[in-house]
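# no FASTA, just this:
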């Protein structure tokens, strides 16, 4: 099916499947909002839940055709690959421990993958998956969605343009409060698997949100963490995984910083915040007020740079949908990743290869591998009593 | 076409047409984002621009079939009404002066209408349109989109529940800065028609954004403005319509307040803000930070109530898509109106009448009429040198 | 007594008396903090309370010598004028209705006056007092203390320097919440006299805080209100004076604005806020966060200008005591007026005339007169149903 | 000299001397504001500068009698001790390296000491000084001034009352930006000695402001740091002492936290901020907005508790001078320490011993010792490559 046969005509939407994300799921719904927002995708198939009955109910509620509602992902991968109108990409929104096997199945079937984070349970698995992605030539997008915010893009561009001078300090934090009590023991579905090492992996809070924080810090600062010293704690009685993580980091060009992730910090719903200080100025961005970036050129007043205004740079403007003062939020940022992924997928359609036609920044399996390496380094550091551990380059 | 024939199955999307909103339009794009967000609509037809060439280009870019791209709205109304798969509703996003004739054409063709504000150019036209809507039995939704925000709904519910006690003071303001210079004379499309009395109507700023402010104040406070005293000013040299409006208002139950709307206030992008004070407490909501509502119970600390948290009431929760700390914005609020409209339209499908299956709050032609009455009263007051003018009940 | 006889030697402190401000008084204590802060004054005499017993107790607690604790102000004025070490200035901090007679007594005794606002009960009295001040050649300072804030001075200087261009809109508001209930009927001393027309004058809220708001707006904007339209309301049952005031204003150079003062606005402790918009930019200042000024040059990001940083201008720096980030507050601003008054008083000592040696800005009897004119105009406008009333030039 | 001989009569002010704090000094001026604010002290003697000429000039400008302007502190201690009207207490505001010898001289002369921090250059010196203080029975107050803020007191009381439950996480940070460039090499007096190990001690930023942060964290949380892991960095080329400090801390009851102090963080003037999270709620306080405390009871909305309102607890009310909405700042907090010290000094006068008559909280030589121990632990940890170091109990 050739896209864009008539110049100026909208290409047909990308045929999308979904694994996970059935009734009551949070992140599956977010992926669907994101996929719909710009009209680039059509959701046409799914293995949405763990039981056939729930999978069917969820599929019908989403308007899927009966024959494209699957009981299991493996069958879905094979069946969709065999259809002429089969899905071009799959969104994986299952609990963490299934990310790797599901992704593998679809990649092997020749289907592009959009995967929620973390990419796998261990760095070793992530490495294997990365190799598979490379061999396949397929797109593998990892939805570290915070990179989709316009003012995050603005900040990154500022750093690249040298506005901050030499980077000295990177402070990133990601406090939440929803696990301040042992809700995993009272049936909360979101909490249940996150607190279970078998399904969440070796890291609790550090894996669930600490990886977002590191990815954002590296994405914006352009620096890589080279060594870390971590203290992981489980404050809630009986909890098996960490619910609070303190990390000190050394960055590639000599910068220093801390990363704090917590799920037991009352007053913080989802309060990811990044501050970067260089020799010429500092920036601050807060996810709960995403349309603003504070920019403090050294010796001058702090400026409030708003998305959608003339002060927003080209990197921000490229991913902005609305004028200033008309708030964009979480779905829009997530949707920006989906839009950039769509660009790649259409390029893959047209030219038979996954190459982006424009300056896209969605994270990939490589970011996923790095996240797992970070979790494993943090766990190792913490278990050793808080020593410094080298991060892979 | 019967909706919901299989229980639990998603009804087919509502077939939507659009008039206006071609290349480069702002509000047309917003309506499309809003219509897509929840998957309730499919855009299948349009008369998107004033010239055939641009209309065709815009239609193709949006993936419309060639035979459903129209040159003029009148033809579209008739042609779509005649198709078995014709549109069920039309979104009208043209410049203001076309709202009334377009709406009339589609209503006469038996097609539901979603219309951007203001509903017409004059109150007399609005009254006529209201009568037509009533006779038709069709849905007529007016997109005063700010009523779609979750914390606006929360605030309204609080007032209704008596949390504020007797309402005393209502302060609403809507400053912007984009017309601080005469950009209508240098080719800005958005500014061009807004500054032209022939296309915008008798009010400039008072009509464009002052009506939003009044509608929000009345919607949340549950009070009606009974008399107003207005001072409309054109600060930019040569501008024909007001770009700043100061209004004092008397409300139905004895409350007093001011309304300030301005398009010449540097530093404000789209800074709609509402504060209501009663005998038991006060609330403050700001569109640029829409997920928060400040609630000050008399004699106690101010609370920051956040959307998506346990503190948000049922009215907020009903229109909330994401958990707390995951910002929702302008598109989501706009989308909430579209979702509530969809509920009505589906009810109309099923039962042959436009009755909402749940507690919906989208504005209608009646709100449009009231807005025009407000503009006309403000203009009359201001021309008379700032005397008090009675508002219709 | 000659000041500064040895170059570089500190002049002896100004001998200060006080009328009012005994036990339990708020504003008297503030005047004493302000007088002490820079070491420019020594409080040496007082008629601090209405009863001899309380006056004596209050005087002793403040360390006054027994023979300089007076039962009544008239006696104090005469006695102090007769002493070689008599007071040079008196601070008047009684309830409003005594300001005029006390000030008159001390002026007639040749003693400089520092008077809390309002200066008198009526504009006619204020005019008479102004004439007396002029004839006397004495200093008469009125403590509209908000003009003492560094960033208020900064803002004023910016306007004078033309940074805002032509002034278009002046929005000033002063909401409080402490009179939201009828506390004047349950023994609150501060509320008691403020709610009594015989002691507070014709205006309630408009006089108590509305005059501060107007004075600040005119001081910073450099514009004079030429006509006003007011709506004064008493929301609390049985209250005799207004507790909420809405005013629209026309300013001298064509600017427009509103003034809102309220003592029934839950959530606002003392929330004076001023916003001024010109053709080139806008500023915002808020008394509850006084070290910051928001400056929005048209088309550029809003800047947060902080007191004590290089971005603060000379007018701010002149009245700043601490480096940036070390908060100054209400007492410091009040103290700045006292310091500027001290400069005048010392100049008067040295050269026998009250002429300021530097760029001082403390308000005088003329500001007091203007405040009364404003109150009377507002009351007249409101009583006439909200018509426009001309303000004296 | 007996204080308070007549009941209700103000005791004579405490006779205060000062060492350091001559022309151009910052902290000396602050101590004088603080001493004046409540009228508890009279500055009557001083050795204000390093050279006789400057000492004399500074003394005269402050109104000191010629015979009480001293060239050196040792002479001053002896001479004042010999006078019947000699100073009762001395304020030490010299560069750091002189704190110990000056304090020693005055303690040996039987004079109470108010000393700026750090108390000495090394922990060993601090221990010796502490022993001397204990033997002397004199008051030794250390001006960790941030403990004087009303809402800091409020927060501490909340923790003590158990409102936060079990403390889990303590995040404290103190960023500044004034040393982002090597201004110590261009004659900045404040920067000069702070960047010189001989005068500032082993710690740069960690000693100058990191100690304030630790003291505040421990003061409010009621927890003691038991072990720390620190990374001290000098980002500015050629700087000999650290200008950025990252520290992870383990607290006595199992809490974890980080401390970040920086003098190279553009956009932060003096941005001390403390956040404490317990099992039942979290608090946040920021020095640049000191009248507010954010309180987030778990599962409920965040509250903004303001100084001077009914919501402020007794500990806050006790040290509050003004009603809510009338900002108090740095000088007021500093003045609160001076007032509490004065209470002790007067008790010492009356009963011959330094015992506080009320619930005072000013820091002492013990806090000073702890600060030095912290600096030395941090330096040791950092030099060892960032290992965990035990803190003395």
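Ah, there it is. These numbers were taken from a predicted model, which means no experiment stands behind them.

# what residues are up against residue A:56?
Residue A:56 sits next to residue A:69 when contact means C-beta atoms under 8 Å, 6 or more residues apart in numbering or on different chains. (Glycine included, C-beta is placed from N, CA and C.)

# Correction: the previous question concerned residue A:175.
Contacts of residue A:175 by C-beta under 8 Å, 6+ apart are A:260, A:261, A:262, A:263, A:265, A:268, A:271.

# next one: residue A:203
Residue A:203 makes contacts with A:210, A:211, A:232, A:241, A:242, A:375, A:378, A:379, as judged by C-beta under 8 Å, 6+ apart.

# If we use 6 Å, what do you get?
Residue A:203 makes contacts with residue A:375, as judged by C-beta atoms under 6 Å, 6 or more residues apart in numbering or on different chains.

# pLDDT (mean, whole number) over stretch A:201-208?
Here stretch A:201-208 scores 90 as its mean pLDDT.

# coming back round to it: in JSON lines, list the contacts of residue A:175 along with pLDDT and neighbour count.
Below are the contacts of residue A:175 laid out as JSON lines (pLDDT from 0 to 100; neighbours: other C-beta atoms under 10 Å in any protein chain shown):
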{"residue": "A:260", "pLDDT": "98", "neighbour count": "26"}
{"residue": "A:261", "pLDDT": "98", "neighbour count": "31"}
{"residue": "A:262", "pLDDT": "98", "neighbour count": "31"}
{"residue": "A:263", "pLDDT": "98", "neighbour count": "27"}
{"residue": "A:265", "pLDDT": "98", "neighbour count": "29"}
{"residue": "A:268", "pLDDT": "98", "neighbour count": "27"}
{"residue": "A:271", "pLDDT": "98", "neighbour count": "17"}
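
# For chain C, state which of these is nearest.
residue A:271 (21.0 Å; C-beta to the nearest C-beta).

# Need the three-state assignment for the closest one.
Three-state call for residue A:271 (DSSP: H, G, I helix; E, B strand; the rest coil): coil.

# distance of it from chain D?
As judged by C-beta to the nearest C-beta, to the nearest Å, residue A:271 and chain D stand 11 Å apart.

# now do residue A:235
From residue A:235 to chain D the distance is 5 Å (C-beta to the nearest C-beta).

# Look up how far residue D:135 lies from the residue lying closest to that residue once chain neighbours are set aside.
Once flanking residues are discounted, residue A:235 sits nearest to residue D:168: 4.7 Å by C-beta to C-beta, 6 or more residues apart in numbering or on different chains. Using C-beta to C-beta, to the nearest Å, one obtains 41 Å as the distance from residue D:168 to residue D:135.

# got it, and residue A:277?
Here residue A:277 is placed at a distance of 46 Å from residue D:135 (C-beta to C-beta).

# Counting neighbours, go ahead and name the busier of these two.
Comparing residue A:277 with residue D:135 by neighbour count (other C-beta atoms under 10 Å in any protein chain shown), the higher total belongs to residue A:277, at 31 against 9.

# What helix or strand is that one located in?
In the assignment (DSSP states H and E), residue A:277 maps to strand A:273-278.

# helices or strands up against that strand?
Using 3 or more C-beta pairs under 6 Å, 6 or more residues apart in numbering or on different chains; DSSP states H and E as the contact test, the elements touching strand A:273-278 are strand A:167-175, strand A:281-286.

# distance between that strand and the chain's centre?
Here strand A:273-278 is found 20 Å from its chain centre; the criterion is C-alpha atoms, centre = their mean, to the nearest Å.

# Which residue, other than its chain neighbours, is closest to residue A:297?
residue A:281 (4.3 Å).

# thinking that neighbour is in contact with residue A:299, fair?
No: in this structure residue A:281 lies outside contact range of residue A:299 using C-beta atoms under 6 Å: 9.0 Å.

# Same drill for these two, tell me which one is more crowded.
residue A:281 (23 against 15).

# who's in contact with the most centrally placed residue in chain A?
Central residue check for chain A by C-alpha atoms, centre = their mean: the C-alpha nearest the mean position is that of residue A:144, 1.5 Å away. Residues near residue A:144 by C-beta under 6 Å, 6+ apart: A:117, A:215, A:363, A:367.
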